[in-house]
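J.: coordinates for the following, if possible.
(chains A and B)
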Amino acid sequence: MSELEAVKDALLGFDAEKLAKATEASLKKNISPQEIMNVITASLKLIGEKFEKGELLLVHLVASGEAAKRAISEYLEPLLSKEGTVVAKIGTVAIGTVAGDIHDIGKNIVASMFFSAGFKVIDLGKDVSVESFIKAVEQHEPDILGMSTLLSTSLPIQREVVEALNNKKLRETVKIIVGGAPVTPEWAEEIGTDGYAEDALEAVNVGLRLLGKE
Amino acid sequence: MPTNLKGGQLFFLSKQDVKKIHDASLKVLEEVGMKSASKSITKFFSEKGAEVNVDTDVIKIPESLIREALKKAPNKVTIYGRDKKKAIELANKKIYFGLGGTPTPYILDHKTNEWRRPGKEDVVNATRLGESLFEMDFIMTIAGAFDVPYQLEYIHEWAAILNNTTKPVVYSAPGLFNAEKVVQMGKAIKGEALKKEPPFGAYVELASPLSFNLQNENVFQLAQSSVPIVVGQMPQLGATVPVTFAGAATISNAENLAVLTFAQLLNPGTPYIFGAHIAPLDMRTARLDYGAPEFAMGNIVNSSLAEFYHLPSFGWGGCSDSKLPDAQAGAEVMMNSLVAATSGINLIHDCGYLAAGSIGSLEAAVIASEIAGMVKRIVRGMEINEETLALDVIRDVGPGGQFLSHPHTLKHVSKLYMADIFNKESEVKWAKKGKKDVRVIAKSRVEQLLSQPPSQDKTLNEKLSMIVKKAEEEIRGK
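T.: So this is what the prediction gives:
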């Protein structure tokens, strides 16, 4: 097995330890970080497709995403940034569970799927205030802002964030996607967002569509 | 009137198994602790001798506090409802079925067959249906008041429910504001007898794993007024708790012990009902799986731990992942209802929930009620004694005879289960009557039950409306 095959093999085996070792071994063989990156991205895409077909489970998707994240941040990104190369990303997503709500497992799954699909993900966490969402948009200039909530009583915070972005003249700089159990397509439209996603997979598809990268 | 049947025929866990979970939970509370988003909960535990880290907001609860709390919690809790005759006595594995749960974001409109956003009127109708359904012993909801200001959603829902049922109620009152209003509503119903004869229990939900949130500050208010606390956090297998049942039970039990200790430290003797919804996260869709066998089995964990601590228990049944009251729904509802009842869960809620709690359905509730009736029949079991062995009757009738006309049959025939809406006719008769699916029958039963006069009390209505009005003014003032 070649070094790059070992990278793919480790990722398809959802093994973070093996992936780290295979990445290290590839670099020792003078394989370029970008080339390794390409194999990781292609493998994640393959895993995503298998998940969509029902051949793999959520846990596999999350495990491979975490493994890739570690290999990229520990081995590849430092080298690439030294070279002055910016890691190619489809786009940047800032995502959080809105204020008043600390149920964030759904948001975490969405974040993980965006990462696996090749996005840079800025996870704002849970119980995120309107101000923190605005600050994140100002600071990270994301292409997409994702907001989740499980509680119906926290729904209106999504509207407040959209309004605050309007007031700050930031609304046009970012696409907004909302989701969570009480969120409906009608609600998403009513409060002036760009998209509604009923599950994590859908969220990524909506994101790709909004950025014209379907 | 409630049938007060005793469940608990199903056993999975030995006493040693349960003890292992208990020991593991104590370790979790002492070593890992609970994280609190509420400063007042952190402060309270700190004052009571728990080890609190003010930087991380983690509360570590020593075994001594938990042991004391367990001694103070009552072994039996009675929820009375507006009508005392409908009181349910939560102890000794007595089983009671309840309509719905916390508010659902959608309702399946039985007239249009479409699902839509529910409003307060739907909460009223759901409650009235629950009031009329014989097998429903307590009331939660299968709708939600999405047409009122969101800060007042729960207050409106409570008023709608309490106005329209005389049965015991269990409902959600997250946060201090809601809890305060709900206690006022309790006083409007029972006056000074609120503590002695609570008409309802309040549902309290932590966020797994091991987290108090701001909403849990309601315990301060509820415990002071001795409102029974019904705990129902949702640990998700493989997502917010370990994927193994034992690990999930360890966390879920630790969360229970944390709330129990919190409540007993506030007011010794606060009625506490042990619960949680251990549910798998469907690994293909990332949805909670209400129809899974593991979800049904979570009831066994709750009932076993509750028995170990001599506490009443809260669980679920009558719910499904299906989007319609179809064959899948029927199978899942029967499975989780039967498992819940035979585990001896005191409060079996969620009847009429579809789509893993996203859709409430009145038709599904009517069908779940029929299933609850069948389950209660099974739980009732059979008596073996001289009278039921009927040796004299057998001698009397003899070989080749018939029992239909024997007085013994007439005497005992009422012990057989009589279906309410499930069809038992011949295929020919059924065809002649229009080949009706059970859903069609359930819909007409919904219509029929909703046409009955509501169980409202004018004076109480006025009192509750005043509380809602004052709450509105408070919100507007903010």
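J.: where does the residue positioned nearest the centre of chain B fall, secondary structure wise?
T.: With distances taken as CA atoms, centre = their mean, B:His349 lies nearest the centre of chain B, 2.9 Å away. Here B:His349 sits within strand B:347-351, counting by DSSP states H and E.
J.: pull that strand out as PDB, backbone CA atoms only.
T.: Output in PDB follows, covering the C-alpha atoms of strand B:347-351 (Å, rounded to 0.1, in the frame of the first residue of the first chain):
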ATOM      1  CA  LEU B 347     -46.600   7.900  34.500                       C
ATOM      2  CA  ILE B 348     -46.700   6.600  30.900                       C
ATOM      3  CA  HIS B 349     -46.900   9.700  28.700                       C
ATOM      4  CA  ASP B 350     -46.600  10.600  25.000                       C
ATOM      5  CA  CYS B 351     -49.900   9.000  23.800                       C
END
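J.: elements contacting it?
T.: Contacts defined by 3 or more CB pairs under 8 Å, 6 or more residues apart in numbering or on different chains; DSSP states H and E place strand B:347-351 against strand B:96-99, strand B:313-316, helix B:327-343, helix B:362-380. C-beta here means a position set from N, CA and C on the backbone, and glycine is covered the same way.
J.: what about that strand, average pLDDT?
T.: Rounded to a whole number, the mean pLDDT of strand B:347-351 is 98.
J.: contact partners of stretch B:437-455?
T.: B:82, B:110, B:124-125, B:128-129, B:131-133, B:164-166, B:324-326, B:362-364, B:366-367, B:421-423 (CB atoms under 8 Å, 6 or more residues apart in numbering or on different chains).
J.: of these, buried ones?
T.: B:82, B:110, B:124-125, B:128-129, B:131-133, B:164-166, B:324-326, B:362-364, B:366-367, B:421 (16 or more other CB atoms under 10 Å in any protein chain shown).
J.: how close does A:Ala136 get to chain B?
T.: 20 Å (CB to the nearest CB, to the nearest Å).
J.: same question for A:Leu165.
T.: 20 Å.
J.: quick one, what contacts the nearest residue to that residue once chain neighbours are set aside?
T.: Spatially, and ignoring its direct neighbours in sequence, A:Leu165 is nearest to A:Arg171 (4.3 Å; CB to CB, 6 or more residues apart in numbering or on different chains). By CB under 8 Å, 6+ apart, the residues touching A:Arg171 are A:162, A:165, A:192.
J.: if you set the cut-off to 10 Å instead, what comes out?
T.: A:137, A:145, A:162-165, A:192-194 (CB atoms under 10 Å, 6 or more residues apart in numbering or on different chains).
J.: try A:Ala25
T.: A:3-4, A:6-7, A:31.
J.: got it, and B:Ala24?
T.: Here B:Ala24 is in contact with B:246-247, B:249-251, B:253-254 (criterion: CB under 10 Å, 6+ apart).
J.: most neighbours among those, which one?
T.: B:Ala249 (29 neighbours; other CB atoms under 10 Å in any protein chain shown).
J.: inside helices: which ones of the contacts of B:Ala24?
T.: Per DSSP state H, helices hold the following members of the contacts of B:Ala24: B:246-247, B:249-251, B:253-254.
J.: for the residue nearest to A:Leu165, give me phi and psi.
T.: Backbone torsions for A:Arg171, taken as degrees, to the nearest 10, come to phi -60, psi -40.
J.: can you list the buried residues in the one helix or strand in chain A whose mean pLDDT sits lowest?
T.: For chain A, using mean pLDDT, DSSP states H and E, the weakest element among its helices and strands is helix A:77-83, scoring a mean of 82. For helix A:77-83, a neighbour-count test (16+ other CB under 10 Å) marks A:77, A:80 as buried.
J.: give me the number of residues near residue 12?
T.: Defaulting to chain A. 17.
J.: I was thinking of chain B, sorry if that wasn't clear
T.: Residues within reach of B:Phe12, counting by other CB under 10 Å, total 14.
J.: follow-up on the earlier one: nearest to B:Thr78 among the ones in helices among the contacts of B:Ala24?
T.: Nearest to B:Thr78 among the ones in helices among the contacts of B:Ala24, counting by CB to CB, is B:Asn253 at 24.5 Å.
J.: neighbours of the residue nearest to that closest one when sequence neighbours are not counted, how many?
T.: Distances taken as CB to CB, 6+ apart put B:Ser25 closest to B:Asn253, at 4.1 Å, once the chain neighbours are dropped. Residues near B:Ser25, counting by other CB under 10 Å, number 22.
J.: could you pull up the mean pLDDT of the helix or strand that B:Ser25 is a member of?
T.: Assigned by DSSP H and E, B:Ser25 belongs to helix B:15-27. For helix B:15-27, the mean pLDDT works out to 98.
J.: would you mind identifying the next helix or strand past it?
T.: That would be, after helix B:15-27 and using DSSP H and E, strand B:34-36.
J.: give me the buried positions along whichever helix or strand comes after that following strand.
T.: Counting by DSSP H and E, the element after strand B:34-36 in chain order, helix or strand, is helix B:39-47. Buried residues in helix B:39-47, counting neighbours by 16+ other CB under 10 Å, are found at B:41-42, B:44-45.
J.: any idea how many residues pack against whichever residue of the stretch 351-478 of chain B sits closest to chain A?
T.: Nearest residue of the stretch 351-478 of chain B to chain A: B:Ser358, at 6.1 Å (CB to the nearest CB). For B:Ser358, the neighbour count with other CB under 10 Å is 18.
J.: quick one: residues contacting residue 200.
T.: No chain specified, so I'll use chain A. By CB under 10 Å, 6+ apart, the contact list for A:Ala200 reads A:51, A:58, A:61, A:106-114, A:148, A:179, B:285-286.
J.: wait, I meant chain B there
T.: Per CB under 10 Å, 6+ apart, neighbours of B:Phe200: B:79-82, B:138-139, B:158, B:161-162, B:165, B:167-171, B:173, B:182, B:185-186, B:189-190, B:194, B:227-228, B:230.
J.: can you give me the helices in the stretch 201-350 of chain B?
T.: B:218-224, B:245-266, B:293-309, B:327-343 (DSSP state H, counting those that start in this stretch).
J.: now chain A against chain B: closest residue?
T.: Taking CB to the nearest CB, chain A has A:Leu57 as its residue nearest chain B, at 3.6 Å.
J.: got the contact list for the spatially closest residue to that residue that is not a sequence neighbour?
T.: Nearest residue to A:Leu57 in three dimensions, chain neighbours excluded: B:Met283, at 3.6 Å (CB to CB, 6+ apart). Each residue near B:Met283 by CB under 10 Å, 6+ apart is listed here: A:51, A:56-62, B:237-239, B:243, B:289.
J.: thinking again about what came up before, which one (most neighbours) among the contacts of A:Arg171?
T.: A:Leu145 (30 neighbours).
J.: quick check, pLDDT for it.
T.: 97.
J.: go on, the one 5 residues further on?
T.: Here, the pLDDT recorded for A:Leu150 equals 87.
J.: quickly find the element holding it.
T.: Short version, using DSSP H and E: A:Leu150 is in no helix or strand.
J.: quick one: contacts for the residue nearest the centre of chain A?
T.: The centre of chain A sits closest to A:Phe114, judged by CA atoms, centre = their mean, with a distance of 2.8 Å. Contacts for A:Phe114 (CB under 10 Å, 6+ apart) come out as A:65, A:90-93, A:95, A:120-121, A:123, A:144, A:146, A:177, A:200, A:203-204, A:207-208.
J.: that older thread, turn the buried residues of helix B:39-47 into CSV, columns for pLDDT.
T.: Shown next, in CSV, are the buried residues of helix B:39-47 (pLDDT from 0 to 100):
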residue, pLDDT
B:Ile41, 98
B:Thr42, 97
B:Phe44, 98
B:Phe45, 98
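J.: residue contacts, residue 58?
T.: Unless you meant another one, I'm taking chain A. A:Leu58 neighbours (CB under 10 Å, 6+ apart): A:51, A:109, A:112-113, A:200-201, B:238-239, B:281-286.
J.: hmm, I had chain B in mind actually
T.: B:Val58 touches B:32-36, B:42, B:50-52, B:210, counting by CB under 10 Å, 6+ apart.
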